[in-house]
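Peer 1: Turn this into a structure:
(2 chains)
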Amino acid sequence: MPNSSGLVRVRRMTFPQDWATGCPPADAVASNGPVFRIVSSNECQEADFLSFSEEGRALRRPTPCPCMPFGLSVFPNKDDAAWMSRSMPRLGKFLARGNLSPIDGVTKLTPGQRPSHMTWWPSCECARLDLFRDVEEVV
Amino acid sequence: MWAVVGTPKDTSYFGRFEPIDVLIWYDCPRTFTLYDQDGGLCLVHWLDEDAETMRYLVAPVTSKQIEQLQRGDLTLRESLDQPRVYVVDQTNDGDVRSVWLTQLVDLPQDALPVPRTMLYRSLEPILSLRATGEAIKPGEIPGSVIKSTVEGAQKALKCLAEYEMDLPTRRGRSSRALQKLYDLPVQKTLTASFEVQFRSPLSEPDLFEGLAESEILDERDVLNRVADHLKAGLSWLTSTASEAAALPVPNDADLSRVIVKALKFLTPSPRGAVKELEIRGDLATRTIEPVRLTRRSRGIVNGAISRLPAMTERRVELKGRIREINERLMRFELHDVNQPPLPVRVCEFEAEIWDDVYEMLGVDEAVDVLGLETSPLSIVRVLDLKRP
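Peer 2: Residues are numbered from 1 along each chain as shown, chains lettered A, B, ... in the order given. Below is the predicted model:
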């Protein structure tokens, strides 16, 4: 929105300083659109939106993409998220739907054998919990 | 974290607990392979975690079992269900804290993959039918059960697929995915009861080769519509009001007619060996709970058919020359028809008379066609062919 002096204020996205060099990856794109994340109850908790790295865990073996442990797994396709919940029920039996906008971070399809698996690197400006208001139980 | 029922083992048994091949990633490697300290291949699957620990199930497996898991011949749970399994606790630094030798039955069942879940969603059967009945026992499956279950599914899908293919908006445009539905590849058969699972035609690697993005989307869209019709029909058939409701799709008699016809192929016959049929899969239901059809369901379908007069089939005897065959739709054109005189009638046939149809293709002599029709101009369902 133009301010009183007529200048457009551009909101700038930043990422944590302690991430590995080159993270998030350069080929990730500005987040945009709905995604689904598995959560533990019908009311989202902050803990549902912590990355592996933010949980204070370390990988035993480096991954091909060193940035992945700093990101969160999400699915643009709800059925894929439901399948993941059935594979590992203790991840949670609820799916939270969030509508990401470009200021919320960057995403990249990291599918392996799952066509819609996506890694989302949330920006420092993103209020993760506020984005995921809609929660439904996996059926 | 829950207490593990099992025998504690040396924490070095799985070496550094390093993934070799990551099969499922969700924030971190959740399902992967590794080698134990003796070089034995193991499948590892995440079970649970708390702030300090990640807990995994480790099952010694063969490379063939991993291949079967990746092909969809085994579910996740079947792959993990080995005679000796271990629970491993890993610290946040990646060190192994504890190892227990245990059994799958001693673990919290809600920490294990839901039964039937495949390694990847794309491997899950698009349709699964499980037939039960007094005459169906392990190792003693009547041939009629196998035939009616497999062919019933294929005929039902063929019926719905043809409806979609014949819509004016689609006429003349082929659909590779729908053609595959006619002969859905069997993924697996299980004989504890009789169960047959069909793989999605969309999982065929070369299915969409050479197609533009818009054409691929169109293919998926039309397959989704077939699934919607089947779901609508099964939902109608199993709802409490189904007997009272006139049609599966109240405002569309044509579609209702097709759906009811398809359902008739699936419902257990009151005189057959199948007492109940459980139907699962994305093609038939939106939940993981199966749809259950019983012999009573056939009565509901028959009731609906009687309310759709055009569906009442009557016997017809035609005489004409077989000229054109559509192998994909399994139809032929009967030309120069007399009794009653018509230039052409379209007839559809079953695989059993394939050879007879080909033998009479193009011959000058007229053949006798015994079949069923719903109207004087409808497609004739061929029961028998006779060469004069």
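
Peer 1: now the most centrally placed residue in chain A, what's its secondary structure?
Peer 2: Centre of chain A computed as the mean C-alpha position; nearest residue by C-alpha atoms, centre = their mean is A:W120, 3.4 Å away. Assigned with DSSP: H, G, I helix; E, B strand; the rest coil, A:W120 falls in the strand class.

Peer 1: B:S378 too?
Peer 2: At B:S378, secondary structure determined by three-state DSSP is coil.

Peer 1: repeat for B:M165
Peer 2: Applying three-state DSSP: B:M165 is helix.

Peer 1: neighbours of it, just the number please.
Peer 2: Per other C-beta atoms under 10 Å in any protein chain shown, the neighbour tally for B:M165 reads 20. Backbone N, C-alpha and C define where each C-beta goes, glycine included.

Peer 1: what's in contact with the longest helix seen in chain A?
Peer 2: Across chain A, the longest stretch assigned as helix under DSSP state H is helix A:78-87. Identification of contacts with helix A:78-87 by C-beta atoms under 8 Å, 6 or more residues apart in numbering or on different chains yields A:36-38, A:73-75, A:91-93, A:95, A:97, A:114-117, A:138-139, B:24, B:26, B:30-31, B:76, B:113-114, B:117, B:121, B:124, B:282, B:288.

Peer 1: same deal with stretch B:85-93?
Peer 2: A:55-58, A:60, B:1, B:4, B:6, B:9, B:13-14, B:17, B:44, B:47, B:52-60, B:96-104, B:107.

Peer 1: can you do 7 Å?
Peer 2: Residues outside stretch B:85-93 that contact it (C-beta atoms under 7 Å, 6 or more residues apart in numbering or on different chains) are A:56-58, B:4, B:6, B:9, B:14, B:17, B:52-59, B:96-104.

Peer 1: Please apply the same query to stretch B:229-237.
Peer 2: The contact list for stretch B:229-237 (C-beta under 7 Å, 6+ apart) reads B:160, B:242, B:245, B:248-249, B:255, B:259, B:262-263, B:279, B:283-286, B:291, B:293, B:297, B:300-301.

Peer 1: Which ones among the residues you listed lie within helices?
Peer 2: B:L160, B:L255, B:I259, B:A262, B:L263, B:S297, B:I300, B:V301.

Peer 1: Weed out the non-buried ones from the residues you listed.
Peer 2: The neighbour count (16 or more other C-beta atoms under 10 Å in any protein chain shown) marks B:L160, B:L255, B:I259, B:A262, B:L263, B:S297, B:I300, B:V301 as buried among those.

Peer 1: What pLDDT does the model give the one residue in the stretch 251-388 of chain B that gets nearest to chain A?
Peer 2: Of all residues in the stretch 251-388 of chain B, B:T287 sits closest to chain A, at 4.5 Å by C-beta to the nearest C-beta. On pLDDT, B:T287 comes in at 83.

Peer 1: Okay, buried residues for the longest helix of chain A please.
Peer 2: A:K78, A:D80, A:A81, A:A82, A:W83, A:M84, A:S85, A:R86, A:S87.

Peer 1: Kindly reformat these as TSV containing pLDDT.
Peer 2: Compiled in TSV, the buried residues of helix A:78-87 are given as follows (pLDDT from 0 to 100):
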residue	pLDDT
A:K78	92
A:D80	91
A:A81	94
A:A82	94
A:W83	93
A:M84	95
A:S85	96
A:R86	95
A:S87	96
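
Peer 1: residue contacts, B:C42?
Peer 2: Applying C-beta under 7 Å, 6+ apart, the residues contacting B:C42 are B:T33, B:L34, B:D36, B:V58, B:A59, B:P60, B:V61.

Peer 1: How much space separates the residue nearest to the centre of chain A from A:K108?
Peer 2: The gap separating A:W120 from A:K108 is 8 Å, by C-beta to C-beta, to the nearest Å.

Peer 1: pLDDT weak spots in chain A?
Peer 2: For chain A, the stretches with pLDDT under 70 are A:1-11, A:111-115.

Peer 1: Whether stretch A:51-60 contacts chain B - can you check?
Peer 2: Yes. Judged by C-beta under 7 Å from any C-beta of the partner chain, stretch A:51-60 comes into contact with chain B at A:S51, A:F52, A:G56, A:R57, A:A58, A:L59, A:R60.

Peer 1: and the last one, how many neighbours does it have?
Peer 2: So that's A:R60. Burial of A:R60 is recorded as 16 neighbouring residues (other C-beta under 10 Å).

Peer 1: so it makes contact with B:R16?
Peer 2: Yes. Counting by C-beta atoms under 7 Å, A:R60 does reach B:R16; the two are 6.3 Å apart.

Peer 1: Of the contacts of stretch B:85-93, which belong to strands?
Peer 2: Judged by DSSP state E, the contacts of stretch B:85-93 include B:9, B:53-59, B:96-102 as members of strands.

Peer 1: Any of the residues you listed buried? List them.
Peer 2: Those of the ones in strands among the contacts of stretch B:85-93 that meet the buried threshold are B:K9, B:M54, B:R55, B:Y56, B:L57, B:V58, B:A59, B:V96, B:S98, B:V99, B:W100, B:T102, by 16+ other C-beta under 10 Å.

Peer 1: about what we covered before: want to throw the contacts of B:C42 into CSV with pLDDT?
Peer 2: Below are the contacts of B:C42 laid out as CSV (pLDDT from 0 to 100):
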residue, pLDDT
B:T33, 96
B:L34, 95
B:D36, 95
B:V58, 98
B:A59, 98
B:P60, 97
B:V61, 97
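
Peer 1: Can you add distance to chain A and give these back as TSV?
Peer 2: Output for the contacts of B:C42, formatted as TSV (distance: C-beta to the nearest C-beta, whole Å):
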residue	distance to chain A
B:T33	12
B:L34	9
B:D36	15
B:V58	14
B:A59	15
B:P60	19
B:V61	17
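
Peer 1: Can you tell me which of those residues is closest to B:D384?
Peer 2: Distance to B:D384 across the contacts of B:C42 (C-beta to C-beta) is lowest for B:V61, with 52.6 Å.

Peer 1: what's near enough to touch the closest one?
Peer 2: B:V61 sits next to B:L41, B:C42, B:L43, B:S79, B:Q82 when contact means C-beta under 7 Å, 6+ apart.

Peer 1: quick check: longest strand of chain B.
Peer 2: Max-length strand for chain B by DSSP E is strand B:314-326.

Peer 1: In it, which residues are buried?
Peer 2: Those would be B:V316, B:L318, B:G320, B:R321, B:I322, B:I325, for strand B:314-326 by 16+ other C-beta under 10 Å.

Peer 1: Now do the helices in the chain.
Peer 2: Using chain A. A:78-87, A:128-131.

Peer 1: ah, I was thinking of chain B
Peer 2: Going by DSSP H, chain B shows helices at B:63-71, B:76-80, B:143-166, B:176-182, B:213-238, B:253-266, B:295-306, B:354-360.

Peer 1: All set, thanks.
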